[in-house]
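Enquirer: Structure for this input, please:
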Amino acid sequence: MDDAEVLLIEDQAPVRESITEVLRSVGFKVAAAADRTEAVRLARKTRFAVVLADLLLPEPSGIETIRDIKQLSPDTEFIIITGYPSFDSSIAAIREDVYDYLCKPLEMQELVRSVQHAMERRELLLGNKELLRQLQARCDDQGKQLTAYRRALERKLSSSSSFVGESEAIKQVRRSIAEIAPSDMTVLIRGETGTGKDVVARLIHELSGRPQAGNMVKVNCPAIPETLLESELFGHESGAFTGASRQKLGRFELAAGGTLFLNEIGQIPLAVQAKLLQAIEEKEFTRLGGEKTTRIDTRVLAATNAPLEEMVEAGQFRLDLFYRLSEYIIWLPLLRDRAEDIPILVRHFLRKYGPIHGRRNLSVSSETTSLLVRHQWPGNVRELETLIRRYALTGREEIIQASIAQPNGGNSTHTSGNKLATAEAQTIAAALIEAGGNQRQAARVLGVSYSSLRRKIAKYRLKESLRTSQMRAPGNSRGLGLHCV
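Expert: Numbers count the residues shown, from 1 in each chain. Reported below is the predicted structural model:
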């Protein structure tokens, strides 16, 4: 006997023989049993497709016999036949998931159709189970591949020169980047100024696979006037407003196939937030002054140090946009909360900036390192990087100590203040000399704005030094006179 057989359980011999003959005549292979004992014995040897069971068998009943066979063959379909139908027995049949409930005297054509349909149902259910098994196996394989891929990304991130640190907080950020980068989900990167939000956005883009299809386009939202932000994001048609002499593509289109990074998203005005929400949700927008809908495949990353939840409560930020941006959130830790990473970062920045200024073997003493670790770093990693960059420029470690030293009050306050001013003036003067007197270049070296540098030059009366530096070769600081007040 094979897998496609029918088992008939009927205690009345004439009925049993009649049904067996009819089913065999239409091509079914039939095994017959007169009671539960024989039926279970046959079921142990053969996996029947369909079982027809008389309801009123000798003890135990047909329902109990069905339960016994189900334990042996859960995929078997059951049909009850009875000469004494009742409400209670029909309810019992439903509870046992019996396929059909036929009453005697049997209509043989109806019986044949019922057996055929029961077999078809069983084949369909078995096919579904096999598909589910294959799907689960495929999902398991994909899950294993994805896990392996994420671990590979984590290893790649751990050796990245743009995201340095070994603290548990930084390892968690790496895990988050590796987890979210391969997807197309919108990511909100949160953290204080200087914690590295731009760096994280760049890493997500680089590890997403999108660099092969498109670029990462950054929009610094506070730097663009509110009246121009919509045009910058979505573009405009010729004549859309005064001065719009030609069509302009927006940042969304320029980032097509790649990533759009919206820095300081909290600064976007409410009027633009609704259109931004539509572009993120629907992957489409209309240029300013246009009618044509443009479809885009652009992934959106956003960053902010603003308390968006409070802004939502105050009506300054749309709740639906906040939820859309928060599909996945990465929180960046403060530098003072991962002080164990500070020595690692110091070595990293020395390797980065030392060779630029001809100081390849530059290092920091243990005393200065201790000061760096204890410092609160309100400017986070950016503040540390700027300080080490100044040190790499001058090679004078006292600049670090003076920059982070805390005056203790009394007469020492004025003395410490003078030391700090002198150190700052020396740093600026050295930068001016290295830049050949070019103030804008010196500002870039120091990591400050041009206007800030001009104020410092005036404060420390460095104009005479500036005139001197313009007559010397870059890097020659001999004879430099500093006047600090």
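
Enquirer: okay, CA-based contacts and neighbour counts for the rest of this
Expert: Noted.

Enquirer: in stretch 93-102, what's buried?
Expert: By 16 or more other Cα atoms under 10 Å, the buried positions in stretch 93-102 come out as 93, 98-102.

Enquirer: ditto for stretch 276-296
Expert: Buried residues in stretch 276-296 (16+ other Cα under 10 Å): 276-277, 279-280, 283-289, 296.

Enquirer: how long is it end to end?
Expert: 13 Å (Cα to Cα, to the nearest Å).

Enquirer: Let me see the mean pLDDT of it.
Expert: For stretch 276-296, the mean per-residue pLDDT is 88.

Enquirer: Nearest to residue 163 among the buried residues of stretch 276-296?
Expert: residue 280 (27.9 Å; Cα to Cα).

Enquirer: Residue 297 and residue 281: what is the separation?
Expert: Separation of residue 297 from residue 281 (Cα to Cα): 11 Å.

Enquirer: ok, now residue 316?
Expert: 20 Å.

Enquirer: likewise residue 148?
Expert: Distance from residue 148 to residue 281, by Cα to Cα: 30 Å.

Enquirer: quick one, strands of the stretch 51-200 of the chain?
Expert: Counting by DSSP state E, counting those that start in this stretch, the stretch 51-200 of the chain has strands at residues 77-82, 100-103, 187-190.

Enquirer: The second one pairs with which strands, parallel or anti?
Expert: Yep, that's strand 100-103 we're talking about. With DSSP bridges as the test, strand 100-103 is paired with strand 77-82 (parallel).

Enquirer: Work out the gap between the partner strand and the centre of the chain.
Expert: 53 Å (Cα atoms, centre = their mean, to the nearest Å).

Enquirer: Need the residues that contact it.
Expert: 49-56, 62, 66, 93, 98-104, 114-115, 118-119, 122 (Cα atoms under 8 Å, 6 or more residues apart in numbering).

Enquirer: ditto for stretch 276-287
Expert: 231, 234-237, 250, 275, 292-298, 300, 320-321, 324.

Enquirer: go again using 10 Å as the cut-off
Expert: 186, 230-237, 240, 247-250, 252-253, 268, 270, 273, 275, 291-300, 318, 320-322, 324-325 (Cα atoms under 10 Å, 6 or more residues apart in numbering).

Enquirer: Report the buried members of the contacts of strand 77-82.
Expert: Counted by 16+ other Cα under 10 Å, the contacts of strand 77-82 give 49-56, 62, 66, 93, 98-102, 114-115, 118-119, 122 as buried.

Enquirer: correct me, but residue 192 touches residue 378?
Expert: Yes. In this structure residue 192 lies within contact range of residue 378 using Cα atoms under 10 Å: 8.9 Å.

Enquirer: Touching both of these two, which residues are there?
Expert: By Cα under 10 Å, 6+ apart, the residues touching both residue 192 and residue 378 are 334-335.

Enquirer: okay, these two: which has more neighbours?
Expert: Neighbour count, other Cα atoms under 10 Å: between residue 192 and residue 378, residue 192 has more, with 18 against 15.

Enquirer: longest helix anywhere in the chain?
Expert: As assigned by DSSP state H, the longest helix anywhere in the chain is helix 108-158.

Enquirer: coming back round to it: in PyMOL, select just the buried ones from the contacts of stretch 276-287.
Expert: Applying 16+ other Cα under 10 Å to the contacts of stretch 276-287 leaves a buried subset, and the PyMOL line that selects it is:
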select buried, resi 186+230+231+232+233+234+235+236+237+240+247+248+249+250+252+253+268+273+275+296+297+298+299+300+318+321+322+324+325
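
Enquirer: related to what we said a few turns ago, between the buried residues of stretch 276-296, which is closest to residue 461?
Expert: After measuring those against residue 461 - Cα to Cα - the closest member comes out as residue 276, at 49.0 Å.

Enquirer: And that closest one, how close does it get to residue 171?
Expert: Applying Cα to Cα to residue 276 and residue 171 gives a distance of 32 Å.

Enquirer: repeat for residue 267
Expert: In terms of Cα to Cα, residue 267 sits 30 Å off from residue 171.

Enquirer: Likewise for residue 55?
Expert: 66 Å.

Enquirer: just how off-centre is stretch 448-466 within its chain?
Expert: The answer for stretch 448-466 is 45 Å, by Cα atoms, centre = their mean.

Enquirer: Contact partners for the residue most central in space within the chain?
Expert: Nearest to the geometric centre of the chain sits residue 180, at 2.4 Å (Cα atoms, centre = their mean). Shown in contact with residue 180 (Cα under 10 Å, 6+ apart): 150, 186-187, 204, 207-208, 328-330.

Enquirer: Make a markdown table out of those and add distance to residue 435 and pLDDT.
Expert: As requested, the contacts of residue 180 are exported to a markdown table (distance: Cα to Cα, whole Å; pLDDT from 0 to 100):
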| residue | distance to residue 435 | pLDDT |
| --- | --- | --- |
| 150 | 44 | 72 |
| 186 | 42 | 95 |
| 187 | 40 | 96 |
| 204 | 35 | 93 |
| 207 | 37 | 87 |
| 208 | 39 | 86 |
| 328 | 44 | 95 |
| 329 | 42 | 96 |
| 330 | 39 | 96 |
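
Enquirer: out of those, which one sits closest to residue 444?
Expert: residue 204 (27.1 Å).

Enquirer: count of neighbours near residue 310?
Expert: By other Cα under 10 Å, 11 other residues sit near residue 310.

Enquirer: how distant is the helix or strand containing it from the center of its chain?
Expert: Assigned by DSSP states H and E, residue 310 falls within helix 308-313. Relative to its chain's centre, helix 308-313 lies at 23 Å (Cα atoms, centre = their mean).

Enquirer: after that helix, next one along is what?
Expert: Following helix 308-313 toward the C-terminus (DSSP H and E): helix 319-325.

Enquirer: elements contacting that next one?
Expert: strand 187-190, helix 270-282, strand 299-304, helix 308-313 (3 or more Cα pairs under 10 Å, 6 or more residues apart in numbering; DSSP states H and E).

Enquirer: On the pLDDT front, check residue 61 for me.
Expert: For residue 61, the predicted pLDDT is 74.

Enquirer: Contact partners for it?
Expert: 35-36, 53-55.

Enquirer: go with 8 Å
Expert: residue 55.

Enquirer: quick one on the thing from earlier: and the angle from the longest helix of the chain to strand 77-82?
Expert: 150 degrees (axes from the mean of the first three to the mean of the last three Cα atoms, to 10 degrees).

Enquirer: Quick one: distance of helix 108-158 to the chain centre.
Expert: That offset, for helix 108-158, works out to 27 Å (Cα atoms, centre = their mean).

Enquirer: What of stretch 430-439?
Expert: Per Cα atoms, centre = their mean, the centroid offset for stretch 430-439 relative to its chain is 44 Å.

Enquirer: try stretch 21-32
Expert: Using Cα atoms, centre = their mean, the offset of stretch 21-32 from its chain centre is 60 Å.

Enquirer: ok, and for that stretch, which residues are buried?
Expert: Applying 16+ other Cα under 10 Å to stretch 21-32 flags 22-23, 28-32 as buried.

Enquirer: and if you look at stretch 361-376?
Expert: 362-364, 369, 372-373, 375.

Enquirer: Could you dump the residues you listed into TSV with secondary structure and distance to residue 162 added?
Expert: Below are the buried residues of stretch 361-376 laid out as TSV (DSSP: H, G, I helix; E, B strand; the rest coil; distance: Cα to Cα, whole Å):
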residue	secondary structure	distance to residue 162
362	coil	20
363	coil	20
364	coil	21
369	helix	21
372	helix	20
373	helix	21
375	coil	22
